[in-house]
Every structure is written in C-alpha cells, then in structure tokens.
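>>> predicted model and sequence below, questions to follow.
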Amino acid sequence: MEFNPLGLTSLEKALHLLDEQLVLADAPTTGLVVCGGSALIATGLIVRTTRDVDILAFMDEGGMKEAEQLPEYLLHAAENVGRLLGLPPAWLNNGPASQFRLGLPDGCQERLLTVPVGEKLTMYYIGRLDQIFFKTFASVDRGGYHVQDLLALHPTDVELLAAGKWCLTQDVSEPFRMDLLWRQWRCLGVAGQMAPGDSHYVLDPEALLLFSSRFCRYDQRLYDLVIDWLRQNGGFVNIQRLKSLAKKAAWSDLPSLGFMATKASEQQGRKWQKLANDLTSLRVHEPSCMFWDLEQRSVGHQLEVDEAAMQYGLIRNPYLPSAKVTPFPVSDCATILLQLRGAFGLSARAETILVLLNQEACKIQDIADRSGYSWKSIQDVLTELCATPLAATHGAGKRGRSYFLTAPEKIKALFLVSSFRFPRWPRAYEALATTWTTVANPRLASLSELSFQSEMLRIYDAEVGEMLFTSGIDELKITSADEMAFLPEYLAQV
C-alpha cells in the first residue's frame, strides 16, 4: 500500500486536523518540539516532501520535556488523521526522542520557532543551526538524503566546525563499530534506521546479549531497545546458557545485565527475575552513570532516577518501554538458533543440531566447545537424538565417537533460508572487546604512531589474532598485526 507524502500544504492540513481531533477528544493542550524533514519544510528552509513528523520533545510552560512515551490521546488522534489523509501508520512518531536525554546543542530551546496550530496544538520547530547540527550527525552516521539536506542548508565553515564538535559528544559508536551491534539487533527484530544487513551468519543471542550489556552503554538508544527486545522475545533466550557463558565473558557487564533482566522479568516472569536477583550481589558499590562517552565519562541528563538501576549501582533516567520491537523474523539467517529453540526447546538440543548442520561430523567435545554446554549435557542430547532417525554415530569409545545428522538437508528445508553458518561469536566478541579496551586507553593518545602500532602488535600476538582467525567469521580472519588497522572496514562487512 502506498501512502501520501507530506509537503508544506499537506503538512499544515494534517496538523490542523490533528488539532481538531484533540479538540474533539477534549485532550490537554499539547506542544510538540519537532525536528527532521517536517521542521525543514514548515520553516521554509527546504522545499521537499517527507513521510513523517519527528517529535523530539514536548513543550509546556516549564520548558522542554522528554517525549519517549507518547500519550494515548495523541496516538489515537494521529491514527485518525492518518486514516483520513492516507498517511503512513507512524506519520507522527517520537523516533528522535532519546536525543533529548542524550543532549541537545546549547541554546536549542531559545532558537525554536513557535507556530500555534489551533486551540489544542502548538508546534515548536528547531532552528536552522540545530538542523545543521542534527543533519551533520545524521550524514556521518547514515548518509543518504541527510547529506542533501545538509548541503541545502548552506552551512558556513564556522557552523560545520561547531556541528562537528557537537557530534563528537554524541556519536560514540564509530570507533569500535557500534554499527555491528545495531545491524545484529536489527536482524533480530529491533527497529532502527540502519539496515539489518544481508549476512549468512546465525547469531548467538546469549553471547550478543552479554556483549551488549557492556558496549550498549555507549549508546542509550540501542541499550533500551535491547531491553524492549527481551521483553518481547526473552522466552527464547536460554538463561542457564547465558549464566554459563557469563562466567568466562570478561567482555560483559553483569550489573548492567542485571538491570536488563529486571526489566525483562516484568514481561517474561520468574526465570528472568531470578537472574536479576542473582546479579544484585555484583552491584557497583560506588553508584555511577550507566551511559558513557568514549573516554568513560558520564553522558545524559538524569532528570529522575531509575530505582531498578540503582539496585545495581547504576544511575540513569527511568527506562520507558517502546513499541519499536517485533517478534524475531523467521526469514533471516540470524534467527535460525531462535527458530530451532522454538521447534526443539531451550535445552542444548537446538545448539547441538545447529553445530551438526554446520559440520559433517562432530565429537562431543567439539559441540561442547562450540555451544558452551557441558560435555555431559551434549552427551545426553546426542544419545536422545541417536535414538531417532535424525542422527547417527560412528567410531568407538565415548571420546572417539563422532556424531552426524542423517539427513541435514531435510532439516535445513524447514527454514526459509537454505545456507547459513554458526560462528564462534564469543571469540569474536572477546577479540573486539580487547581491541576496544586497548584503543580506548587514554595513555595511547599521547604516544607516537610507532608506539601505537607496537601496542596493536602486542595484543594481536597475545590473543586477538588467534581469536579472530578461529571465530569462523571469514571477514575477520586477520593474518597480521598490520591488518588490525582495517578492522573497522572488515567489521562493516559482517
């Protein structure tokens, strides 16, 4: 179904109808702070169309307020207007609302253009300078039409320099490729403007969650979307395996994981609550800000304190659920393990079958190493599978016996994708965490290029090189320390 775009005339019509819907509903007086394409159009800075109106914040007599949860009366009114004008379902949305807490350019509120729409609705459009800041940020992060918008604003060198400095306080993802995490969570059903990618790798939800518990602390928007995903799909996460991997995962953040588990338990029940309770003993004794910039400095403005986060010694604004997560898609290679769990349950059976689908034959220890389960657990699963036509064995002795699937192609035919691989994601995440920790060392900033290269050689020879090479991810098979400089480019291909 095609939807009508919003130009200046249709945008004004949509907002006047929205005001009328608010009047009919006897809704409260509403002020919306808006950025993006609709603000560019409404203020006459650019002549084009857009698909939506992006709410950055609410405005009342006390000033700007966060808008990470839109009230039902506003959503209902927008739905009626969308139906009348043939607009997209989310034509009025709060996509950029998290930016308010992450920080706006200085003086943003003073530069707002106020436009009364009617009895109930007033619009506050961000100014030209703030558009330059936001579009510079978006151009670096996503490119595309954001670049064209930025050029159309004709920024001066001074304005671009100021925008660049502001972006450095906002975009903490690039140096260690947070876009990898964004792509992987997008593949699992998290909403976002970054495309999920087209990969033939099956994701490991427990390893990904552990890695995210630490590194999503550099990106609050993704952090909260991960919690949203857990509240929707947490029943497909194996908590026992998560705890087992966590014992060896120095690259995770267990107090942060505890907070995630607390919020997940509100929808997923006792198993997640038990995990949350178990992790309270690991709380940070000196409370600290949950979210960081590149130099481990606190970011974000704490308007209120999330009491659940404080149980783990973490300070943040209250987490607010969004509606930006869907059940995991079954048409993507990334979710094959989750789909196997849907068919075979949350025991080691799903991982065992997945490993056997990737290799012609395996010994028990091979599968145990790949899956994170104990030797005994894998032995029990294989004994059960070999009692069915699904699997068979050859060789003698417990340690020398190999196992294989009798008809792997028939099992693969159950899925909407036919070719997929299951890498050793814990090894890859450990290598990336080690690399990031090294690069983020503030002492390196004052050293020469030669000393920096020496440090990269050290971690490559000590651990990172082998972990990347044996991760099973072709794009990360780095064969020399010199290639470490290209790691960001290699990650972009995963």
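That came in fine, so what should we check first? Just so you know, these numbers come straight off a predicted model, no measurement behind them.

>>> only C-alpha atoms for contact and neighbour calcs from this point on.
Noted.

>>> tell me which stretches of this protein form strands.
30-35, 53-60, 63-65, 92-93, 113-116, 121-125, 288-289, 314-315, 362-363, 391-394, 402-405 (DSSP state E).

>>> if you count residues, where's the longest helix of this structure?
Using DSSP state H to define each element, the chain has its longest helix at helix 8-24.

>>> from the contact counts, what lies against it?
Helices and strands touching helix 8-24, as assessed by 3 or more C-alpha pairs under 8 Å, 6 or more residues apart in numbering; DSSP states H and E, comprise helix 36-42, helix 72-85, strand 121-125.

>>> neighbouring contacts of that helix?
28, 38, 41-42, 47, 49, 73-74, 77-78, 80-81, 85, 117-121 (C-alpha atoms under 8 Å, 6 or more residues apart in numbering).

>>> equivalent analysis for stretch 46-53, please.
4-8, 34-41, 87-88, 90-93, 149, 152-153.

>>> repeat the analysis, applying 10 Å as the threshold.
3-8, 10-11, 15, 32, 34-41, 87-95, 149, 152-153 (C-alpha atoms under 10 Å, 6 or more residues apart in numbering).

>>> for residue 264, find the nearest of the strands of the chain.
strand 314-315 (16.9 Å; C-alpha to C-alpha).

>>> centre of the chain to the closest one, how far?
In terms of C-alpha atoms, centre = their mean, to the nearest Å, the centre of strand 314-315 is set 20 Å apart from its chain centre.

>>> so in that sheet, which strands flank it, and in what orientation?
On the basis of DSSP bridges, the sheet neighbours of strand 314-315 come out as strand 288-289 (parallel).

>>> low-confidence stretches in this structure?
Residue ranges of the chain with pLDDT under 70: 1, 140-143, 168-177, 192-198, 294-303, 397-399, 445-447, 449, 485, 489.

>>> how far away is the spatially most central residue of it from residue 246?
The centroid of the chain falls nearest to residue 222 when counting by C-alpha atoms, centre = their mean (3.7 Å). In this view, residue 222 and residue 246 are 21 Å apart by C-alpha to C-alpha, to the nearest Å.

>>> can you say which of the helices and strands packed on helix 8-24 is nearest to residue 472?
Each of these has some distance to residue 472 by C-alpha to C-alpha; the shortest is helix 36-42, at 41.0 Å.

>>> show me what the closest one packs onto, helices and strands only.
When contacts are defined as 3 or more C-alpha pairs under 10 Å, 6 or more residues apart in numbering; DSSP states H and E, helix 36-42 sits against helix 8-24, strand 30-35, strand 53-60, strand 113-116, strand 121-125, helix 128-141, helix 145-152.

>>> go again using 7 Å as the cut-off
Packed against helix 36-42, as judged by 3 or more C-alpha pairs under 7 Å, 6 or more residues apart in numbering; DSSP states H and E, are no other helices or strands.

>>> quick one: it to chain centroid distance?
27 Å.

>>> equivalent analysis for stretch 368-387, please.
32 Å.

>>> identify each buried residue in that stretch, please.
Judged by neighbour count (16 or more other C-alpha atoms under 10 Å), stretch 368-387 contains these buried residues: 368, 370, 371, 372, 373, 374, 378, 379, 381, 382, 385, 386.

>>> cool, stretch 393-408 as well?
393, 402, 403, 404, 405, 408.

>>> same deal with stretch 46-56?
Quick answer for stretch 46-56 (16+ other C-alpha under 10 Å): 49, 50, 51, 52, 53, 54, 55, 56.

>>> pull up the distance across it, start to finish.
End to end - C-alpha to C-alpha - stretch 46-56 spans 19 Å.

>>> was I right to think residue 92 contacts residue 76?
No. Here residue 92 does not reach residue 76: they are 10.7 Å apart, not a contact under C-alpha atoms under 7 Å.

>>> on that earlier part again, would you reformat the buried residues of stretch 46-56 as JSON lines and include distance to residue 474?
Compiled in JSON lines, these are given as follows (distance: C-alpha to C-alpha, whole Å):
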{"residue": "49", "distance to residue 474": "42"}
{"residue": "50", "distance to residue 474": "40"}
{"residue": "51", "distance to residue 474": "39"}
{"residue": "52", "distance to residue 474": "40"}
{"residue": "53", "distance to residue 474": "41"}
{"residue": "54", "distance to residue 474": "39"}
{"residue": "55", "distance to residue 474": "41"}
{"residue": "56", "distance to residue 474": "41"}
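
>>> and the two most separated of these?
Pairwise over the buried residues of stretch 46-56, using C-alpha to C-alpha, the maximum falls at 49 and 56, 19.0 Å.

>>> run the chain-centre distance for stretch 332-339.
Worked out by C-alpha atoms, centre = their mean, stretch 332-339 lies 17 Å from the chain centre.

>>> kindly export it (C-alpha atoms) in CSV.
The C-alpha coordinates for stretch 332-339 follow below in CSV (Å, rounded to 0.1, in the frame of the first residue of the first chain):
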residue,chain,number,x,y,z
ASP,A,332,16.6,-14.2,8.3
CYS,A,333,19.6,-16.5,8.8
ALA,A,334,20.4,-14.6,12.0
THR,A,335,17.4,-16.1,13.9
ILE,A,336,18.0,-19.8,13.0
LEU,A,337,19.0,-20.7,16.5
LEU,A,338,16.0,-19.0,17.9
GLN,A,339,13.8,-20.9,15.4
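
>>> list the contacts of that stretch.
Applying C-alpha atoms under 7 Å, 6 or more residues apart in numbering, the external contacts of stretch 332-339 come out as 187-188, 200-203, 236, 328-329, 350-351, 354, 417, 420.

>>> the nearest residue to residue 277 once chain neighbours are set aside: how many residues sit nearby?
Using C-alpha to C-alpha, 6 or more residues apart in numbering and skipping residues adjacent in sequence, the residue nearest residue 277 is residue 258, 7.6 Å away. Residue 258 is flanked by 28 other residues according to other C-alpha atoms under 10 Å.

>>> quick one: residue 258 and residue 279 touch, right?
Yes. Using C-alpha under 7 Å, residue 258 makes contact with residue 279 at a distance of 5.3 Å.

>>> before we move on, the earlier item: do I have it right that the residue nearest to the centre of the chain meets residue 216?
Yes. Counting by C-alpha under 7 Å, residue 216 is a contact partner of residue 222 at 6.3 Å.

>>> hmm, back to that, just checking, which of the contacts of stretch 332-339 belong to helices?
Per DSSP H, the subset of those in helices is 187, 188, 350, 351, 354.

>>> list the contacts of residue 372.
Per C-alpha under 7 Å, 6+ apart, neighbours of residue 372: 241, 245.

>>> residue 468 now?
By C-alpha under 7 Å, 6+ apart, the contact set of residue 468 is 427, 428, 431, 476, 477, 478.

>>> list of residues touching stretch 71-85?
14, 17, 18, 21, 22, 27, 88, 89, 92.

>>> now render the residues you listed as CSV, adding neighbour count.
Shown next, in CSV, are these (neighbours: other C-alpha atoms under 10 Å):
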residue, neighbour count
14, 21
17, 21
18, 24
21, 21
22, 23
27, 15
88, 17
89, 15
92, 23
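
>>> now residue 321, nearest residue through space, not along the chain?
residue 228 is the one closest to residue 321 (C-alpha to C-alpha, 6+ apart), at 6.1 Å.
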